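Participant: Would you be able to build a 3D model of this:
(one chain, ligands or ions: 2)
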Amino acid sequence: MNKILLLPGDGIGYEISQEAKKIFSWFNDNTSIKFEVEEELIGGASIDSNNTPLSDDVLDKALKSDAILLGAVGGPKWEKLDFQQRPERGLLKIRKELDLFANLRPALVFESLKDASSLKEHVISGLDIMIIRELTSGIYFGEPRGIIELSDKVKKGFNTLVYTSDEIERIARVAFEISMQRSKKLCSVDKANVLESTELWREVIKEVSKDFPQVELSHMYVDNASMQLVKNPKQFDVIVTTNMFGDILSDCASMLTGSLGMLPSASLGKIDQLSNKRMAMYEPVHGSAPDIAGKNIANPLAMIQSIVMMLKYSFSSLRYSNMLQLAVEKTLAKGFRTQDLVSSNEQNISTSIMGDKIIDELNLMKR
Ligand code: IPM
Ligand code: MG
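Facilitator: Ligands and ions are numbered 1, 2, ... in the order given. Model prediction:
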């Protein structure tokens, strides 16, 4: 029995989690892979009930689970809270405490969605890239940080961009290993012309590359990379980058695919030598979208594809992972769209109907 901790969080996180539950139930009823899903609070929902964005109890359950699936956190209701009390801190804390340092964010253009992007079809058709973002260090966690008063009139806000060579080395190894399973092309994105911490980044990436001679390695400054992603995204296969650059570039990459509502992600820790187990959390790249929350119109496909990644990376079940991915592809090919994707000639359906359509496809595939 695989223990899943489901953390719906806030906003549309709740609705897309209902669709995720349908998928787990389907696997339980129809296949040999079994899931036990426990649901808990994180983010604003946890603040409202427990006065903290992530309670110790939930953190403990996360540590004991086989995989975590998270919806989204945040919303205007909690924006005025003190910085350390906001919903986002719950997400950052769980990433840090579980040491989920490798964030995989694939951007894939579905054949049937190639006209949904704001970019020209020939630029994005067939696109399949993977952004690997360092997730537990860099400027997000560096010390010192804070806001201090310099005088009555002047305040100073500051953060620190810091990387140690071992933090860079471990994310580099994940990136090279994933490149080996894909087209053996890796682009490391930094700002080595200006920032010492990323000069070290480049140095360590080059060092690690000696262990992966088959991988063609290139380096790019982040400003150029953001331009190249829009100009000619198909030049990339795997991109590896720092925490903040990865945050920005992955939002940019998501738009190549037509909708932020389509992108899943996996956040992986290191493999435990004894149990061979790896801590992992899966979540859509999109946020809690408070403007559309509760309307049953959100796109659940990033969440469902997060389960596709879970099946592959946590449960080594390529068969079921591919099956679920195919169900998503077939549903889109039939013209079913949530409102974020709909153009003409397509059927605009709700969040819950989209979940049902995926189940229909799974049933059709069942032998
Ligand atoms: C993301 C989000 C988070 C981040 C926020 C919600 C803290 O933007 O996962 O990309 O900045 O990492
Ligand atoms: Mg982001």
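
Participant: which of the residues in stretch 326-340 are buried?
Facilitator: Buried residues in stretch 326-340, counting neighbours by 16 or more other C-beta atoms under 10 Å, are found at 327-332, 336-340. (C-beta placed from N, C-alpha, C; glycine too.)

Participant: how far out from the middle of the chain is that stretch?
Facilitator: Relative to the chain's own centre, stretch 326-340 is displaced by 20 Å; criterion: C-alpha atoms, centre = their mean, to the nearest Å.

Participant: then that stretch to PDB, C-alphas only?
Facilitator: Output of stretch 326-340 as PDB, limited to C-alpha atoms (Å, rounded to 0.1, in the frame of the first residue of the first chain):
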ATOM      1  CA  LEU A 326      -2.100   9.000 -22.500                       C
ATOM      2  CA  ALA A 327      -5.500   9.500 -20.900                       C
ATOM      3  CA  VAL A 328      -4.700  13.200 -20.700                       C
ATOM      4  CA  GLU A 329      -3.600  13.400 -24.300                       C
ATOM      5  CA  LYS A 330      -6.600  11.500 -25.600                       C
ATOM      6  CA  THR A 331      -9.100  13.700 -23.600                       C
ATOM      7  CA  LEU A 332      -7.500  16.800 -25.100                       C
ATOM      8  CA  ALA A 333      -7.500  15.300 -28.600                       C
ATOM      9  CA  LYS A 334     -11.200  14.800 -28.300                       C
ATOM     10  CA  GLY A 335     -11.500  18.600 -27.900                       C
ATOM     11  CA  PHE A 336     -12.400  18.800 -24.200                       C
ATOM     12  CA  ARG A 337     -11.000  21.900 -22.600                       C
ATOM     13  CA  THR A 338     -11.300  23.800 -19.400                       C
ATOM     14  CA  GLN A 339     -11.900  27.500 -19.900                       C
ATOM     15  CA  ASP A 340      -8.100  28.500 -19.700                       C
END
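
Participant: Name the residues of the stretch 201-350 of the chain found near ligand 1, please.
Facilitator: Asp247 (C-beta under 6 Å from any ligand atom).

Participant: try it again with 8 Å
Facilitator: Counting by C-beta under 8 Å from any ligand atom, the residues of the stretch 201-350 of the chain close to ligand 1 are 243-244, 247, 250-251, 265, 283, 285, 287.

Participant: Who are the contact partners of the residue of the stretch 101-250 of the chain found nearest ligand 1?
Facilitator: For the stretch 101-250 of the chain, the residue closest to ligand 1 is Asp247, as judged by C-beta to the nearest ligand atom, at 4.6 Å. By C-beta atoms under 8 Å, 6 or more residues apart in numbering, the contact list for Asp247 reads Arg133.
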